[in-house]
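[1] Sequence below, structure please.
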Amino acid sequence: MQLNSAIERLLKVRGISAADDVAEFLSEKPQKTYNPFLLPNMEEGVDLILSAIEDEKKICIYGDYDSDGVTSVALLRDVLKELGADVTYYIPSRFDDGYGLNSSALEKIKGAGVSLVITVDCGCTSVDEVEHAKSIGLDIMVTDHHTPKEEVPDCIVIDPLLEGSEYPFKYLAGVGVAFKLAQALVESTGASKEILTRNLDLLGIGTIVDIVPLIDENRTFAKYGLRALKVTERAGIKALLDKLGIKRNEITSRTISYIIGPHINAAGRVDNATLAARLLQTEDYERALSLTDELIGCNMKRKSLQDELQKACYESIDDETIDKEKFILISPKSAHEGIIGIVAGKLKEDYSVPVLITTPIGDGIHKGTGRSPSGVNLFKLLTSHSELFTRLGGHSAACGFSIPEENLPKLREILKIEMEELIRENPDALDSTPEAEIIMNPEEITKDFMAQQKLLEPFGKDNDEPMVGVELRPFEIARMGDGRFIRFNGKLGSGSSIRGVDFRKADEHEGILKRAEQENSSVTAVGNLGIQTWNDKEYIQLVLKAIKS
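    Residues are numbered from 1 along each chain as shown. Model prediction:
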């Protein structure tokens, strides 16, 4: 296939230029995957699990309460059951247990006759909890993908980010690590690879929703996961798709990120993630329909709570203070702890500064969550002041923590100092203005380009929808959507025109577009190109993100 010149330039900008790399990136059946035994401690972990199965010991998979953790639990449990294990699972309550391993929960698990606990998507910072597990007679091993602290739990830890790890790709999701463990188990036992194949749908969902980089091995997982979703026989997924009116052949990474994922996550946010885990594991379609109704109810409640909290946050924010301090730290009254992460992410997008939201959970403790623009490693920043927190975990762009209320003023002062220093060293650290990856010539903006752009999917972190620059002269500028948005047309140098919309910065961009129209001058519009249909006619549309005049 002859690649469109703009597609070739996009791939080159993204570091993909060698013929083999281009072929792998565009392939429907990518081959980029690695030997699971390259992960640290994988051989010891497999031996421990197989010994437990041989000795007929009861195993418990301990997972996180988000979609990554839930898919990890369902995937690994299916594989272990197939290998003959007596295996159950435990997903902590966000509200009763908190994030990660919990000593009280471990005692319950021990009381249920469990001998071996395997964590998925959590545990790499749970030093004390692992010691507690061992003290009460539990064998325990950790599989995780989060950043370990300097002190690592004294047990088998399988994590691509573990110090000294030689695994070629460091940024697997939790479900990716669970899948690599499953691969190693299947390889070691000679079991049928069909066990792995039937779980590719879960691998795809967990990988895409967890916002890990969709490159390298994750791209392989996402592509095969999307293909598997379109033919899945999993009763829970079929019921969810049917109830939400999603056609299988139209599933994309956006479908997973904005529809399927939020519904799975909603259970852990407002109720208990065990609901989602049951849905993914049931083999009864009628039962799955009932569970799906409950899940949809959870998501509706989540939306309502989110709207309420967002409104309260916006009302409490002082723009002048944000402009001065370059961060947001707020503790709105009655903030729902299952929702604060979503709202923190929304505020981060709107204000382009690190956002931390906390809510009291009793005994003088606040539970908090943080979200940060790419120019700020929030987890590293907070870890350097770990004495303020009773719990802290996460990665560069997102973290969760517990903090005594009396330490909140100290946290605010530290954030002031740290952000001042950061901006002094890197004045552009918080600049979130999108930059064009390439400037497109008018003759390149064709339906052929749009067709080939689909080859770059699935889009996600580190493989975003292409951000292109188009030089145009704007005309017919008008408001739409109750005045919140803008639509416009733009004349290209070739004499043709293109339609444009602005859903994000209408107030900022309208004046620039109208001034250019009055002066009959050109601007460089930066955004994403897509195909829209109106009155049975297809046309190319630019979704405006920035203007370079």
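
[2] Kindly export whatever helix or strand residue 487 lives in (C-alpha atoms) in CSV.
    Here residue 487 is covered by strand 485-491, with elements defined by DSSP states H and E. Extracted in CSV, the C-alpha atoms of strand 485-491 (Å, rounded to 0.1, in the frame of the first residue of the first chain):
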residue,chain,number,x,y,z
PHE,A,485,-19.4,26.2,20.6
ILE,A,486,-18.3,27.6,17.2
ARG,A,487,-18.7,26.3,13.7
PHE,A,488,-16.9,27.9,10.8
ASN,A,489,-15.6,27.3,7.2
GLY,A,490,-12.1,27.8,6.0
LYS,A,491,-10.7,28.4,2.5
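
[3] Give the rounded mean pLDDT of that strand.
    When pLDDT is averaged over strand 485-491, the result is 95.

[4] for stretch 395-405, same thing?
    For stretch 395-405, the per-residue pLDDT values average out at 89.

[5] what does the lowest-mean-pLDDT helix or strand in the chain contact?
    None of the helices or strands of the chain scores lower by mean pLDDT, DSSP states H and E than strand 391-395, at a mean of 83. Here strand 391-395 makes contact (C-beta atoms under 8 Å, 6 or more residues apart in numbering) with 98-100, 122, 125, 146-147, 370, 378-379, 382-383, 386, 399-402. Backbone N, C-alpha and C define where each C-beta goes, glycine included.

[6] In strands only, show me these.
    370, 399-402 (DSSP state E).

[7] Return a ChimeraX selection command for the buried portion of those residues.
    Buried members of the ones in strands among the contacts of strand 391-395, defined by 16 or more other C-beta atoms under 10 Å, are picked up in ChimeraX with:
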select :370,399,400,401,402
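
[8] Relative to residue 89, which of the ones in strands among the contacts of strand 391-395 is nearest.
    Nearest to residue 89 among the ones in strands among the contacts of strand 391-395 is residue 400, at 21.3 Å by C-beta to C-beta.

[9] Would you mind confirming that that closest one makes contact with residue 338?
    No. Between residue 400 and residue 338 there is no contact under C-beta atoms under 8 Å: 11.6 Å.

[10] start to end distance for stretch 463-473?
    29 Å (C-alpha to C-alpha, to the nearest Å).

[11] hang on, the earlier thing: will you turn the ones in strands among the contacts of strand 391-395 into CSV that also has distance to residue 90?
    Converted to CSV, the ones in strands among the contacts of strand 391-395 look like this (distance: C-beta to C-beta, whole Å):
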residue, distance to residue 90
370, 26
399, 23
400, 19
401, 23
402, 20
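
[12] Could you work out the most separated pair of the ones in strands among the contacts of strand 391-395?
    Farthest pair in those (C-beta to C-beta) is 370 and 402. Separation: 12.3 Å.

[13] Now do the buried residues in the top helix by length along the chain.
    Longest helix in the chain by number of residues, with DSSP state H as the criterion: helix 285-316. For helix 285-316, burial by neighbour count (16+ other C-beta under 10 Å) applies to 288-289, 291-292, 294-295, 298-299, 301-302, 305-306, 308-310, 312-313.

[14] In terms of secondary structure, what does that helix contact?
    helix 235-244, helix 261-270, helix 274-281, helix 340-351 (3 or more C-beta pairs under 8 Å, 6 or more residues apart in numbering; DSSP states H and E).

[15] next one: that helix to chain centre, how far?
    Its chain's C-alpha centre and that of helix 285-316 lie 18 Å apart, by C-alpha atoms, centre = their mean, to the nearest Å.

[16] what's next to the next helix-or-strand element following that helix, contact-wise?
    Downstream of helix 285-316, the first helix or strand assigned by DSSP H and E is helix 319-325. Here helix 319-325 makes contact (C-beta under 8 Å, 6+ apart) with 328, 351, 353, 415-416, 419.

[17] 6 Å - rerun?
    Applying C-beta atoms under 6 Å, 6 or more residues apart in numbering, the contact partners of helix 319-325 are 351, 416.

[18] What of stretch 349-366?
    322, 326-331, 335, 337, 340, 344, 347-348, 367-373, 376, 378, 402-405, 430, 432.

[19] any idea how far that stretch is from the chain center?
    From the chain centre to the centre of stretch 349-366 is a distance of 19 Å (C-alpha atoms, centre = their mean).

[20] Flag the shaky bits of the protein, pLDDT-wise.
    Scanning the chain for pLDDT under 70 picks out 1, 549.

[21] shouldn't residue 513 be in contact with residue 475?
    No. The criterion here is C-beta atoms under 6 Å, and residue 513 misses it with residue 475 at 9.0 Å.

[22] So for those two, which residue has more residues nearby?
    Using other C-beta atoms under 10 Å, the more surrounded residue of residue 513 and residue 475 is residue 513, with 24 against 15.

[23] and the closest residue to the more buried one other than its chain neighbours, what is it in contact with?
    Sequence neighbours aside, residue 474 is the residue nearest to residue 513 in space, at 4.5 Å (criterion: C-beta to C-beta, 6 or more residues apart in numbering). When contacts are counted by C-beta under 6 Å, 6+ apart, residue 474 touches 488, 490, 513, 516-517.

[24] So which of those residues is the closest to residue 538?
    For these, the residue nearest residue 538 by C-beta to C-beta is residue 490; the value is 17.8 Å.

[25] Pull the contacting residues for the closest one.
    Residue 490 is in contact with 472, 474, 498, 500, counting by C-beta under 6 Å, 6+ apart.

[26] Just give me the neighbour total for the residue lying closest to it once chain neighbours are set aside.
    Leaving aside its sequence neighbours, residue 490 sits nearest to residue 472 (C-beta to C-beta, 6+ apart; 3.1 Å). Other residues near residue 472 come to 24 when the count uses other C-beta under 10 Å.

[27] Check residue 477 too.
    18.

[28] Please apply the same query to the one 4 residues further on.
    The criterion is other C-beta under 10 Å. On that basis, residue 481 has 11 neighbouring residues.
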